[in-house]
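> please find the sequence and the predicted model below.
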Amino acid sequence: MANIDDELLKDAEDDARAVEFIQNYLPQELKEKFSEDELYYFLDLIIEYYATNDVFNAEPDADGYIEIDLDEVVDFIIKKAKKEQMGEYEHDDILFVVQAELEYSESLEEE
C-alpha cells in the first residue's frame, strides 16, 4: 500500500510533466509571459474547475469524448485569478494554456 508521501510525490511529478508540456505547447510570446509558478497555478485551477463541475465523472459521448466548454474554463480561471489577486489575464492567452492542458491529458490517454 502506497503511503501519502508517495502519492504526493507522484502528483508533484505529474504536475511537473504537465507544466513542462504546457510550456512547450505555448507560442513563444506566451512562454515569456507566464512564469512556471503561474502555469502551476493555472493547472490547479483547471483541475478545480473539472472537480467542481463534475467533468471527472461525466459520461463520454459515443466517440469517447467528454464535452468541455473551454470558454467556461478560461472564464473561471480569469475570475478566480483576479479574485485571489494573482493578476489579470487575457482570455486568448489563458485559452492557450487550457488547450495545452487538454492536449497533455489526451497524450496520456494514448500511452
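Cool, the structure landed.
> ok, residues contacting the longest helix seen in the chain?
Longest helix of the chain, by residue count under DSSP state H: helix 4-25. Here helix 4-25 makes contact (Cβ atoms under 8 Å, 6 or more residues apart in numbering) with 31, 36, 39-40, 42-43, 96-97, 99-101, 103-104, 107. In this view, the C-beta of every residue, glycine as well, is placed from N, C-alpha and C.
> now do the contacts for Y89.
Shown in contact with Y89 (Cβ under 8 Å, 6+ apart): 77-78, 81.
> repeat that with 10 Å
Y89 sits next to 33-34, 38, 42, 74, 77-78, 81-82, 97 when contact means Cβ atoms under 10 Å, 6 or more residues apart in numbering.
> low-confidence regions, the protein specifically.
By pLDDT under 70, the weakly predicted segments of the chain are 1-2, 110-111.
> centroid-nearest residue for it?
Closest to where the C-alpha atoms of the chain average out (Cα atoms, centre = their mean) is L43, at 3.6 Å.
> please, which helix or strand holds it?
Per DSSP states H and E: L43 is located in helix 36-52.
> how about that helix: buried residues?
For helix 36-52, burial by neighbour count (16 or more other Cβ atoms under 10 Å) applies to 38-43, 45-46, 49-50.
> and what of stretch 99-111?
99-101, 104.
> gap between the two ends of stretch 21-29?
16 Å (Cα to Cα, to the nearest Å).
> mind checking how far that stretch is from the chain centre?
13 Å (Cα atoms, centre = their mean, to the nearest Å).
> next up, the contacts around the residue nearest to A58 when sequence neighbours are not counted.
Distances taken as Cβ to Cβ, 6 or more residues apart in numbering place I66 nearest to A58, at 4.6 Å, with adjacent residues excluded. By Cβ under 10 Å, 6+ apart, the contact set of I66 is 50, 55-60.
> backbone dihedrals for I66, please?
I66 has phi and psi values of phi -110, psi 130 when expressed as degrees, to the nearest 10.
> quick one: it from T52, how far?
I66 is 15 Å from T52, where distance means Cβ to Cβ, to the nearest Å.
> again with E103
For E103, the distance to T52 (Cβ to Cβ) stands at 22 Å.
> what's the answer for E59, then?
Applying Cβ to Cβ, the value for E59 to T52 is 18 Å.
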